[in-house]
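Enquirer: Here's a sequence, model it:
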Amino acid sequence: MMAGRGAHMAAVGGPARHIPVMLSEVLHALEPKSGAIIVDGTFGAGGYSKAILEAAECEVIAIDRDPEAVAAGRALAAKFPGRLKLVAGRFGAMDEIVNRQGIEAVDGVALDLGVSSMQLDEPERGFSFIHEGPLDMRMGKEGPSASDIVNELSAGELAEIIGKLGEEGRSRAIAKAIVARRAEAPIETTKELSDIVARVLGRKRDEAKHPATRTFQALRLYLNDELDELARGLSAAERLLKAGGRLVVVTFHSLEDRIAKRFFASRSTPAPRGSRHLPETSDAAFAPSFRLLNRHPIEPNQSEIRRNPRARSARLRAAERTAAPAHGPDLVALGVPQISFGM
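Expert: Reported below is the predicted structural model:
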């Protein structure tokens, strides 16, 4: 999972943390039981996996796309022999990953979204806009880097990314400044990009946030395909969970939460029937596949926010799987922003 994020303002999304956000609320929603199999789709530093394994004599299949997170998790796996399985991969394909383990269905899925502590705490990973490092931002350490994006894409493409995925109102001005600056020399470090954005927006634009927050968020989301991955992961969890299984999702910004909210809303109400002229379809195809455990998102209490300021933006949504068939994925219906060009 992407837990284990610390407590300093070091990167987009807020301070890193070493204590999982809303841990007690996540465990309450998951209800791990003896003999259960639970998927931790975003392992990170293993905070949720450890707590789940301590809560019940269950098994956890932990997934992370970062090979360093998987390698670092081996020490935790040694503490729970035979109960913690670490797998390198993307949670968007969790059903395929779990099926390859010889398991057809699971009792719970936990997703803690965002960027991990190890990624935030290491300047060389390029997620931080405060501590200088190479402009990287690749969660899986593969493919093009953030530096490649800012140095190669057109101003229009950069503006679309920053506007749609960062919800930045001055995306065009920022994109224009990036293109002008890279004409002098390639943009290679986090500080170089951060300074470009700060000069456009002004450092006092929002005292609660660094002016580069939205731009860094946008580049990270685009580079790692995070929102599409979330939509795929929610659908994969729907296919994988057995009746009575629990899905728990912790989001940290509005784009993530909108997708989770629309997913749970669409799966917890009967699907509308089509035209009377279409072929007959069984009632099961229209039945809700989830029962909401909380109609409104659960937010962290003030004591947790004081201990970990990053928790202030967290929202927890949870639901219980019914016996109805899984629905098909629909990225547009879930509110995934559509970028008009390919990477």
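
Enquirer: Which other helices and strands does the strand ranked longest in the chain contact?
Expert: In the chain, ranked by residue count with DSSP state E as the criterion, the top strand is strand 241-251. Judged by 3 or more CB pairs under 8 Å, 6 or more residues apart in numbering; DSSP states H and E, the packing partners of strand 241-251 are helix 23-30, strand 106-112, helix 226-240, helix 254-267, strand 315-321. To be clear about C-beta, it is placed using only N, CA and C from the backbone, and glycine gets the same treatment.

Enquirer: swap the cut-off to 6 Å and go again
Expert: Applying 3 or more CB pairs under 6 Å, 6 or more residues apart in numbering; DSSP states H and E, one finds that strand 241-251 contacts helix 23-30, strand 106-112, helix 254-267, strand 315-321.

Enquirer: hey, where'd the strands end up in the protein?
Expert: Applying DSSP E to the chain gives strands spanning 37-40, 59-64, 84-88, 106-112, 241-251, 290-292, 315-321.

Enquirer: Pipe those into a markdown table and attach distance to residue 262, mean pLDDT and mean neighbour count per row.
Expert: Below are those laid out as a markdown table (distance: least, CB to CB, whole Å; pLDDT from 0 to 100; neighbours: other CB atoms under 10 Å):
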| stretch | distance to residue 262 | mean pLDDT | mean neighbour count |
| --- | --- | --- | --- |
| strand 37-40 | 22 | 98 | 29 |
| strand 59-64 | 23 | 97 | 26 |
| strand 84-88 | 28 | 97 | 19 |
| strand 106-112 | 15 | 97 | 27 |
| strand 241-251 | 12 | 98 | 23 |
| strand 290-292 | 12 | 98 | 18 |
| strand 315-321 | 11 | 98 | 23 |
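
Enquirer: related to what we said a few turns ago, of all the helices and strands packed on strand 241-251, which lies closest to residue 236?
Expert: With CB to CB, the closest approach to residue 236 among these belongs to strand 106-112: 8.6 Å.

Enquirer: partners of that closest one in the sheet?
Expert: Applying DSSP bridges, strand 106-112 is found paired with strand 37-40 (parallel), strand 241-251 (parallel).

Enquirer: export those to CSV and tack on distance to residue 221?
Expert: Listed next are the strands paired with strand 106-112 as CSV, based on distance: least, CB to CB, whole Å:
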stretch, distance to residue 221
strand 37-40, 21
strand 241-251, 13
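
Enquirer: Nearest approach to residue 177 belongs to which of the ones you listed?
Expert: strand 241-251 (30.1 Å).

Enquirer: angle of the closest one against helix 23-30?
Expert: On the basis of axes from the mean of the first three to the mean of the last three CA atoms, to 10 degrees, strand 241-251 is oriented at 160 degrees to helix 23-30.

Enquirer: Residue ranges in the chain under the pLDDT threshold?
Expert: 1-18, 115-131, 203-208, 271-285, 342-343 (pLDDT under 70).

Enquirer: From the centroid of this structure, which residue is nearest?
Expert: The centroid of the chain falls nearest to residue 113 when counting by CA atoms, centre = their mean (2.9 Å).

Enquirer: thought that one was touching residue 251?
Expert: Yes. Counting by CB atoms under 6 Å, residue 113 does reach residue 251; the two are 5.4 Å apart.

Enquirer: Break this protein into its domains for me.
Expert: Domains of the chain are assigned by automatic domain parsing as 23-118+226-321, 131-224.

Enquirer: For these, give me JSON lines that also has distance to residue 336.
Expert: Rendered in JSON lines, the data for those read as follows (distance: least, CB to CB, whole Å):
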{"stretch": "domain 23-118+226-321", "distance to residue 336": "5"}
{"stretch": "domain 131-224", "distance to residue 336": "10"}
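
Enquirer: between these, which gets nearest to residue 340?
Expert: Across these, closest to residue 340 is domain 131-224 (CB to CB), at 6.5 Å.

Enquirer: returning to that earlier point: quick one: closest of the domains of the chain to residue 341.
Expert: Across those, residue 341 has its closest neighbour in domain 131-224 (5.7 Å, CB to CB).

Enquirer: Please tell me how far residue 86 sits from residue 46.
Expert: Distance, residue 86 to residue 46, by CB to CB, to the nearest Å: 9 Å.

Enquirer: Overlap in contacts, these two.
Expert: Jointly contacting residue 86 and residue 46 under the rule CB atoms under 6 Å, 6 or more residues apart in numbering are residue 73.

Enquirer: Please consider this matter closed, and thank you.
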